[in-house]
Each structure stands twice: as structure tokens, then as C-alpha cells.
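K.L.:
Test case, fold it:
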Amino acid sequence: MPWWWLLGGIWAASDVAVVVCAYLVWNDPDSEKIWEEAQSWVVAALCGFVLVSAPFWCAYGIRHAGPRAVKWLVGRLFLGRTADPFSAPEAEWRSDRDGFLCDLIRRRQMYDARLKGEKIGRWPMFRCWAAPEAAILEVVDGYRDLHAAGLADTEIWTRMDRHLGVVGEPVRNGAGPSGYLMSRMANIDPGMLVVGGEFLSRHVDICGRWLERWPQMQGYGCCPLGWLAERLTLEKFEAGTGVHLHADGAPAVLAMGGLDRPGRELAAIKLRILDGDEVWSFSSPNETWRNMMGTAGYALVRAGRVVAHAVTAMN
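P.N.:
Residues are numbered from 1 along each chain as shown. I've put the predicted structure just below:
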């Protein structure tokens, strides 16, 4: 075989690979689409340059992206993966709560015109916490905990209304989180109603499956029973005066009460308080504060087990 045939075959295969990758990236909502606003001759020139230099780009991609790029490409071409982060197996879903929340928003981006062109991965977390997905996750998580504790659905929905600051018609028994959210979404985010009930039900199902796999409430730190400092009355807890830091000689103590996340975690504790539960302040040991690893806050204890916590200070 003449050498130029071999070279031509490599070039053609590289061009095909570049075109396929460009198509897949184009359909990824988080990708940069700088050519959308470019003039047609600029787009044509760029495409020509990329095709002519295709072997170089293929070699560069294999060298620097390696197995991860191959896994992504195989998943898109042969395993049914899409821009939906939850088209991947559950074992590959992100385990941290913030990352999972961002992926829920990415999923909505495929259906909600309001998110077109948004770079979700670049959003500050406070913007993600304000998204309707945060309320959906809170409802599914709270319902799961309160239902397991034996609370009736009518009482759960009353607590949810108070927790979310919404009002609406009574929710029928057996409606579950999907039914509740459909009845309250006009207050939470009316635009979600345009996306549709089937999409919302799928969102709720994904949240439930994620919570089954990673059930613990995740925060800035954990709270072992040994860190509990003082049992508080409900009035003292709501006044926010019960946290005593073991911070003697510790530098840079950061009070977090004014940030969004601690406020949400405190609200989650209030949502879950049942008769017989105990609210405690907690603080990590002295050495953690001296080593810039201290955390303090509140914990909800039920039957001798911490079921929720909120970190309000750390260093």
C-alpha cells in the first residue's frame, strides 16, 4: 500500500472523529458555543482549519484527555449516554449534595428555554440553592425522613408549606412529593409548570434514588455524638444563642449565620423536629480549632442518633 494511501486514511479517520466529537460537544448544554455569534466566513474558516489539522487534534486529545475522553465518547456513541447527567448509571452520579443539585439543574437545561446558554458549572452555589431543584430536593428529603418517622402526610405537607413559605389547596392523601410539588410549583417557580409534570415526576424520582444511595444529610462537617455540648430548648435554638465554641487560642473563627447554606440547614432541622426529639449545640474538640479544622453548630438527635445538623461556625 502506498504511503500516501495510509496517510489519507489516517487523515480521513481523524476528520470523521473530529466531526463526531464536534457534534456531541455541540449538543452538550455546558459547552462553549462561541461560533453562534460569529460571522459565517469565520465559522467556515475555523471548520476548514480544524479538518485540515484533524490528526493533530486527535493526537492531542488522546495524549491529554486519555481514558476519560474515550469513556465519554464510548458512552455517548454506544451506551445511550446523553447530555442528561442521569443517563449514566447511579454508581456514577455525584455523591456530594451540591454537585447533585447542579446536575439536576443541568438536566432541566435540556427542557427549559430559560436556561439556554447558561453555564451551570460556573454558577456560584448560592444561585444553585435558589433554583427550584433545591426546593424539590428538600421536599423529597424531608418527606422521606418524616414519613419514615411515622408522621401523617397531611402533617408533613403542613410543615412543608411552612418550611417553603408557600400556600395552596390541601393535598390529597397518597399524592406523594410529586403531587405536592405540582400543587405548589406555581408558588415555587411558575416556569417549571411549562416544562411539564412528567419532567417534574422524573426529577422527584431521581432525587429519591439519590437519597436511597446517599441518605445522610451532607454539610461542612459531621457531628459525632461526642461533640454534643448542650441540650437546648426550642426557644433557645430558634434564638441562635446556644453555640459555645471550643476555640480557646484558635485563629480565624468564621461565624456563618448570615450565609445561605447554614440558614437552609437550620430550616431543615426545624422541619424535622418531632415530639421526643432533642436539639443540641455541638462543637468539635479544642485541637481541631487550633489546627484550623473546627466546626460548631446545631444537631437534631432522635433516639440517641444525630439525624440532621447545621454548621454555623468553622475555621
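K.L.:
buried ones in stretch 271-279?
P.N.:
If you call a residue buried by 16 or more other Cβ atoms under 10 Å, then stretch 271-279 has these buried ones: 271-273, 277, 279. Yep, even glycine has a C-beta here, placed from its N, CA and C like the rest.
K.L.:
which stretches of the stretch 101-250 of the chain have low pLDDT?
P.N.:
215-222, 240-250 (pLDDT under 70).
K.L.:
what residues are up against Arg264?
P.N.:
Taking Cβ atoms under 8 Å, 6 or more residues apart in numbering, we find Arg264 in contact with 129, 134, 138.
K.L.:
quick revisit: in helices, which of the buried residues of stretch 271-279 appear?
P.N.:
If you go by DSSP state H, the buried residues of stretch 271-279 have 271-272 in helices.
K.L.:
Looking at the buried residues of stretch 271-279, which one is closest to Glu235?
P.N.:
Glu235 lies nearest to Val279 out of those, by Cβ to Cβ, at 10.4 Å.
K.L.:
who's that closest one bridged to?
P.N.:
Leu232, Leu300 (DSSP bridges).
K.L.:
distance of it from Phe237?
P.N.:
Distance, Val279 to Phe237, using Cβ to Cβ, to the nearest Å: 5 Å.
K.L.:
Let me see the domain layout of the protein.
P.N.:
Taking automatic domain parsing as the criterion, the chain consists of the domains 3-83, 122-213, 225-314.
K.L.:
Give the burial count for the nearest residue to Met160 once chain neighbours are set aside, as a bare number.
P.N.:
Once flanking residues are discounted, Met160 sits nearest to Val139: 6.0 Å by Cβ to Cβ, 6 or more residues apart in numbering. The local packing of Val139 (other Cβ atoms under 10 Å) involves 24 other residues.
K.L.:
got a list of contacts for the helix or strand hosting Val139?
P.N.:
According to DSSP states H and E, Val139 maps onto helix 132-148. With contacts defined as Cβ under 8 Å, 6+ apart, helix 132-148 is touched by 97, 100-101, 104-105, 108, 128, 153, 155-156, 159-160, 163-164, 176-177, 180-181, 185, 188-189, 192, 200, 203-204, 207-208, 211, 217, 264, 268, 271-272, 274, 307-308.
K.L.:
Is it possible to mark the buried ones in those?
P.N.:
So, by 16+ other Cβ under 10 Å, the buried ones in the contacts of helix 132-148 are 97, 100-101, 104-105, 108, 128, 153, 156, 159-160, 163-164, 176-177, 180-181, 185, 188-189, 192, 200, 203-204, 207-208, 211, 217, 268, 271-272, 307-308.
K.L.:
Just the ones of these in strands?
P.N.:
Secondary structure from DSSP state E places 307-308 of the buried ones among the contacts of helix 132-148 in strands.
K.L.:
for the stretch 201-315 of the chain, what spans make up the helices?
P.N.:
Under the criterion DSSP state H, counting those that start in this stretch, the stretch 201-315 of the chain carries helices at the ranges 234-239, 260-272, 286-290.
K.L.:
buried sites along the last one?
P.N.:
By neighbour count with 16+ other Cβ under 10 Å, helix 286-290 contains the buried residues 288-290.
K.L.:
Nearest to Val171, out of those residues: which one, please.
P.N.:
Lowest distance from Val171 to these (Cβ to Cβ) belongs to Thr288, with 43.8 Å.
K.L.:
show me the contacts for the closest one.
P.N.:
Counting by Cβ under 8 Å, 6+ apart, Thr288 has contacts 294-295.
K.L.:
Double-check Glu278 against Tyr298; I have them as touching.
P.N.:
No: when contacts are counted by Cβ atoms under 8 Å, Glu278 is not listed as touching Tyr298 (10.8 Å).
K.L.:
returning to what we had before: find the residues that touch each one of Val279 and Phe237.
P.N.:
269, 298.
K.L.:
hang on, the earlier thing: nearest to Phe86, of the contacts of Arg264?
P.N.:
Distances from Phe86 to these, taken by Cβ to Cβ, are shortest for Ala134, at 16.8 Å.
K.L.:
Please report the distance of that closest one from Arg302.
P.N.:
Using Cβ to Cβ, we find Ala134 at a distance of 24 Å from Arg302.
K.L.:
the more surrounded of the two?
P.N.:
The residue with more neighbours, out of Ala134 and Arg302, is Ala134; 19 against 16, by other Cβ under 10 Å.
K.L.:
how close does the more buried one get to Pro285?
P.N.:
On the measure of Cβ to Cβ, Ala134 and Pro285 end up 32 Å apart.
K.L.:
same deal with Leu137?
P.N.:
According to Cβ to Cβ, Leu137 stands 32 Å off from Pro285.
K.L.:
Likewise for Val307?
P.N.:
Distance from Val307 to Pro285, by Cβ to Cβ: 22 Å.
K.L.:
what's around the residue nearest to Gly196 when sequence neighbours are not counted, how many residues?
P.N.:
Nearest residue to Gly196, sequence neighbours excluded (Cβ to Cβ, 6+ apart): Tyr111, at 7.7 Å. The local packing of Tyr111 (other Cβ under 10 Å) involves 13 other residues.
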